[in-house]
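1. Need coordinates for the following:
(chains A and B)
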Amino acid sequence: EAGVAQSPRYKIIEKRQSVAFWCNPISGHATLYWYQQILGQGPKLLIQFQNNGVVDDSQLPKDRFSAERLKGVDSTLKIQPAKLEDSAVYLCASSPLAGASEQFFGPGTRLTVL
Amino acid sequence: EDKVVQSPLSLVVHEGDTVTLNCSYEVTNFRSLLWYKQEKKAPTFLFMLTSSGIEKKSGRLSSILDKKELSSILNITATQTGDSAIYLCAVQSGTYKYIFGTGTRLKVLA
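-> Residues are numbered from 1 along each chain as shown, chains lettered A, B, ... in the order given. Below is the predicted model of the structure:
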């Protein structure tokens, strides 16, 4: 079974630029999560989708971050404009059912904002 | 505010030692507690503990949930260098919310 795919793996941008990350969850998984993990901290949930609907985006900085999950499969997370404090690893995870506790994580995208 | 606290933050042991990692939590609507191992980037699932499953074991790893003390421990016996990683504790609060601790960085020396 293929795992969660993410791209790019690394991205370096300057502040005020825009960046987008892509995630392809495990086939058939209805729930998709985006996490932000700053160095030395645990992952922080940014947004959760159930199929193509948002069920929790309470910790997403909506003035600069946006996310979508078209057709309930792939998802993109965008930052516009980026700030220095956005430097982090962005993890995508999926699970087959809402509230199912086991999440399968992708390899992550390491973002560096200069 | 929901929070998850892990201790110690880091730990260095020698191969063959036994380690105990701690996780305590304060959440409004506890559903489950999860342990993950994170090497390099992607966390990998170890255990899920709930009110109906408070003890889990897999090989040299085991975990117990203490709902009275609002805490959990992860034990690793006969540690190996391959156990070196960050161990994350996460608590599910309600249906959709997951709160992660900062993790415990374990280094096992040969």
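
2. centroid residue for chain A?
-> residue A:34 (3.0 Å; C-alpha atoms, centre = their mean).

3. Now do the SS call for the residue lying closest to that residue once chain neighbours are set aside.
-> In space, and not counting its chain neighbours, residue A:34 is closest to residue A:46: 4.5 Å by C-beta to C-beta, 6 or more residues apart in numbering or on different chains. Just so you know, the C-beta spots here come from the backbone N, C-alpha and C atoms, and that holds for glycine as well. Secondary structure, DSSP: H, G, I helix; E, B strand; the rest coil: residue A:46 is strand.

4. how many neighbours does residue A:46 have?
-> By other C-beta atoms under 10 Å in any protein chain shown, the residues close to residue A:46 number 20.

5. dump the residue contacts of it.
-> Taking C-beta atoms under 8 Å, 6 or more residues apart in numbering or on different chains as the criterion, residue A:46 is in contact with A:34, A:35, A:36, A:57, A:59, A:60, A:65, A:67, A:77.

6. Which helix or strand in chain A has the lowest average pLDDT?
-> strand A:53-56 (a mean of 90; mean pLDDT, DSSP states H and E).

7. Which residues outside that one are in contact with it?
-> A:45, A:47, A:48, A:49, A:67, A:98, B:96, B:97.

8. residues touching the residue of chain B at minimum distance from chain A, list them.
-> As assessed by C-beta to the nearest C-beta, chain A sits closest to residue B:100 within chain B, at 3.3 Å. Counting by C-beta under 8 Å, 6+ apart, residue B:100 makes contact with A:35, A:42, A:43, A:44, B:4, B:88, B:89, B:90.

9. Flag the least confident of those residues.
-> When those are compared by pLDDT, residue A:42 scores lowest at 89.
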